[in-house]
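> predicted model follows, preceded by the sequence.
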Amino acid sequence: MAHTAIFNKNMEQAECAIIMPIYNRAHFLSQAFTSLREQTYTNWRLIIVDDGSSDNPLDVIQELVTLIPHNQVLFIHQKNGGAGAARATGQRYLEQEAYVAFYDSDDFWLATYLEDQISILMDNSEIDWIFCPCKRVYYDSGEVIAESTFYEDNGAPLDFLRLDAKKSGEAYIFNDPILLAKTHIRQPINAGFQNSVIRNTVAKAIAIPPCRIGEDRQFLLLAIAKNFNIAYTNKANVIYHVHNENVSATNSKDKDREKLIRIYSQLADSYIFVQSKIEQKVLKEAIECKVTHIKFWLIAYNIYWLNGEYRKSIKLMRDVLINSSYFSFSLYKTFLVSCIKYPFLAFK
């Protein structure tokens, strides 16, 4: 680490640690500190990990810490490694806090977010991870895209809402971890870092994958695979801002093909990484199916083929079929039809 700094030196042990990675997000920090100041739950300390920013965030932070004079703020600077690596650095600075939350600097927690989530954990000792839906909003205009990230654009509920779960107060606790994991691999349950609070035992047991894309999905998958109990509540307490600087695959407005290829490729790599960390054969097979889907359908077909880049499409389709142990008739049918249509590209 290049340097660390501690502000508001409160020596009392906080009950919750908040890890916030930043990378050239100084312009979002005023909003972030406002959200933190307004939290009705106040027994927390903030760990900011600057992932090699060039916009001098420390200058801004030195002014903003006055908004939260009773909370300790730890600032850490490191070379750029991506959000996953920054959060993993924050993990190393956890102490004996009972709970860990993750703040994305461009999003906004509503005032009762921490209180609501932590109250559920305090009232339900069997829950290790609690998450809530986000409201998706365009940052510049304030236009609401979706009232809840638990539902598709057409209003259909995500698959995880159909899983068997035990209701306890405001929380729904999943009963079948393997089925939950398979569902999450097929269609992410949207339990991102920004809308989850976990017990320190989870953060101590599992290292956040050092991936640039998908580290939140894979961290959750590892937690499920290790039999930590996952639960959700239906109250949307987080504003997820969509803007041009988003790097996740959830920014559906992005039409930059090269950026999408990079995102999908990194997402596939994140699944390959986590596949080597789990033991359950059924989950390894589900991940193999997911990686094949990303490379074959999302990249080779949706991006290359549909945009007329037939040579790249057929080559990637062929490579996927050669290297994947997952079998699907539709994959081979699509590849063969492509080769028949452009036979001169099939073996180049």
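All right, it came through fine.
> going forward, measure contacts and count neighbours with C-alpha atoms only.
Noted.
> tally up the residues packed near the closest residue to F174 other than its chain neighbours, please.
Leaving out its chain neighbours, the residue that sits closest to F174 by C-alpha to C-alpha, 6 or more residues apart in numbering is A165, at 4.3 Å. A165 has 17 neighbours, counted by other C-alpha atoms under 10 Å.
> hang on, A165 packs against Y172?
Yes. Between A165 and Y172 there is a contact under C-alpha atoms under 8 Å: 5.5 Å.
> sketch out the low-pLDDT regions of the stretch 201-348 of the chain for me.
Residue ranges of the stretch 201-348 of the chain with pLDDT under 70: 245-255, 346-348.
> report the mean per-residue pLDDT for the strand or helix carrying I47.
Using DSSP states H and E, I47 falls within strand 44-51. Across strand 44-51, the average pLDDT comes to 97.
> packing partners for that strand?
If you count contacts as 3 or more C-alpha pairs under 8 Å, 6 or more residues apart in numbering; DSSP states H and E, strand 44-51 packs onto strand 16-22, strand 73-78, helix 83-91.
> H241 belongs to a strand, doesn't it?
Yes. Counting by DSSP: H, G, I helix; E, B strand; the rest coil, H241 is located in a strand.
> put the alpha carbons of the strand holding I47 into CSV.
Output of strand 44-51 as CSV, limited to C-alpha atoms (Å, rounded to 0.1, in the frame of the first residue of the first chain):
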residue,chain,number,x,y,z
TRP,A,44,-20.0,1.9,12.1
ARG,A,45,-16.6,2.8,10.7
LEU,A,46,-15.7,3.4,7.1
ILE,A,47,-12.8,1.8,5.2
ILE,A,48,-12.2,3.6,1.9
VAL,A,49,-9.9,1.9,-0.6
ASP,A,50,-8.6,4.2,-3.3
ASP,A,51,-7.8,1.9,-6.2
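> next SSE downstream of it?
helix 57-64.
> buried residues in the strand holding I47?
W44, R45, L46, I47, I48, V49, D50, D51 (16 or more other C-alpha atoms under 10 Å).
> what's across from the fifth one in the sheet?
Yep, that's I48 we're talking about. Taking DSSP bridges as the rule, I48 bridges to M20, F75.
> surely S30 touches L64?
Yes. With contact defined as C-alpha under 8 Å, S30 counts as touching L64 (6.8 Å).
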